[in-house]
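[1] Just a sequence and a predicted model for now, questions to come.
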Amino acid sequence: MRASERVYAALREEIVSCRLAPGAELGEVEQAARLGVSRTPLREALGRLAQEGLAVTGKGRTLVVSDVSAADVRHLFELREALECQAARLAARRGDPAVFAGLAERLAAASTLLSADDPDRVAYYRLVADLDDALDQAMESPYLLRALASLRSHVARARRLSHDNPDRLVRAAQEHRLIAEAIAEGDATLAAQATAVHLRASLANILASLTTHPSDRAAGPKLADEAAENELGAHPREVVS
């Protein structure tokens with residue numbers, strides 16, 4: 001892996017996970033020394049982060065980690081609904097019904113995965129990731145997949161600003177089950193509608209948490225609706241459903 005790719009992946013993961021919180025400076029000298037690279041690959045990595053909107057110019061022309069406001073979250077979910085509802089429609093038309101029927105069965109029993117024995121909900125989020133992977137493959141739309149990939153890092157950041165809500169996770173699992181069932185039945189309209197219902201509930205949960213816990217945004221809060229990350233291309237794939 002090229003040095004710039006490695007640095008980009010490392011910084012991107014730190015930003016998405018909020019280890020680099022909104023407003024954190026991304027000074028070239030400091031970051032190059034911390035990551036053990038020269039300033040040339042670091043500049044390339046910072047340029048990519050700026051193009052993705054994860055970094056913006058702050059005071060003194062130094063790049064800083066971009067903020068995530070309630071307005072940003074609303075705008076993200078407007079686009080997410082458009083893209084993911086279309087993905088669900090395509091999956092219902094093109095996907096393997098058996099794959100989604102199996103996922104629906106697993107999601108129906110998802111409440112058993114949300115136990116005190118697994119406080120990070122690793123098994124639950126692995127199941128959600130399996131559904132996301134199945135959708136990505138079933139829709140057979142490379143351009144749509146790329147559009148979703150560019151959106152997911154921002155959605156994952158927003159989700160980390162909300163707080164773990166066990167009741168919401170149970171409801172989310174049932175919403176996911178309805179999506180999987182609709183796709184398994186080949187009902188494109190219902191799949192899109194179920195996706196829209198899920199995303200609007202998720203948005204409401206994040207916005208409510210931002211209102212209730214505004215001080216956590218600068219402190220690099222813990223994960224909310226997600227606790228597992230898989231690979232998407234050369235960098236972490238966020239579980240954002």
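    That came in fine, so what should we check first? Residues are numbered from 1 along each chain as shown.
[2] how does the protein divide up, domain by domain?
    Listed by automatic domain parsing, the domain ranges of the chain are 3-65, 70-238.
[3] Turn the ones you listed into JSON lines, including mean neighbour count and mean pLDDT.
    Glycine gets a C-beta too; all of them are placed from N, C-alpha and C. What follows is the domains of the chain, written out as JSON lines (neighbours: other C-beta atoms under 10 Å; pLDDT from 0 to 100):
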{"stretch": "domain 3-65", "mean neighbour count": "17", "mean pLDDT": "92"}
{"stretch": "domain 70-238", "mean neighbour count": "18", "mean pLDDT": "83"}
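[4] Helix, strand, or coil at the residue of the chain most remote from its centre?
    Checked against the mean C-alpha position of the chain, the extreme residue using C-alpha atoms, centre = their mean is residue 60, at a distance of 31.1 Å. With DSSP: H, G, I helix; E, B strand; the rest coil as the basis, residue 60 sits in helix.
[5] ok, it to residue 25 distance?
    Relative to residue 25, residue 60 is positioned 9 Å away (C-beta to C-beta, to the nearest Å).
[6] repeat for residue 66
    12 Å.
[7] Tell me if I'm right that residue 184 and residue 105 touch.
    No - the criterion here is C-beta atoms under 8 Å, and residue 184 misses it with residue 105 at 9.7 Å.
[8] any chance you could map the helices in this protein?
    Ranges of helices within the chain are 3-16, 28-35, 39-51, 70-94, 97-108, 122-139, 142-160, 166-184, 188-212, based on DSSP state H.
[9] roughly how far out does stretch 3-21 sit from the chain middle?
    Distance, stretch centre to chain centre, for stretch 3-21: 15 Å (C-alpha atoms, centre = their mean, to the nearest Å).
[10] ugh, wrong one, I meant stretch 84-104
    Put simply, stretch 84-104 sits 19 Å off its chain's centre (C-alpha atoms, centre = their mean).
[11] Now do it: everything it contacts.
    Applying C-beta atoms under 8 Å, 6 or more residues apart in numbering, the contact partners of stretch 84-104 are 127, 130-131, 134-141, 144, 148, 177, 179-192, 194-196, 199.
[12] ok, now stretch 36-46?
    Contacts of stretch 36-46 (C-beta under 8 Å, 6+ apart): 2-8, 11, 26, 28-29, 31-32, 35, 55, 63.
[13] Closest one to residue 114 out of those, please.
    Distance ranking of these against residue 114, using C-beta to C-beta, places residue 11 first at 32.1 Å.
[14] my guess is that closest one contacts residue 20, does it?
    Yes - between residue 11 and residue 20 there is a contact under C-beta under 8 Å: 7.1 Å.
[15] list the residues that contact both of the two?
    Listed as contacting both residue 11 and residue 20 by C-beta under 8 Å, 6+ apart are residue 26.
[16] related to what we said a few turns ago, just the contacts of stretch 36-46 now: which is nearest residue 79?
    Among these, and counting by C-beta to C-beta, the member closest to residue 79 is residue 55, at 19.8 Å.
[17] partner residues bridging that closest one?
    Beta-bridge partners for residue 55, by DSSP bridges, are residue 65.
[18] Return the distance of it relative to residue 28.
    12 Å.
[19] Could you do residue 77 as well?
    Distance, residue 77 to residue 28, using C-beta to C-beta: 34 Å.
[20] Could you do residue 68 as well?
    For residue 68, the distance to residue 28 - C-beta to C-beta - is 24 Å.
[21] swap in residue 73?
    For residue 73 relative to residue 28 (C-beta to C-beta), the value is 30 Å.
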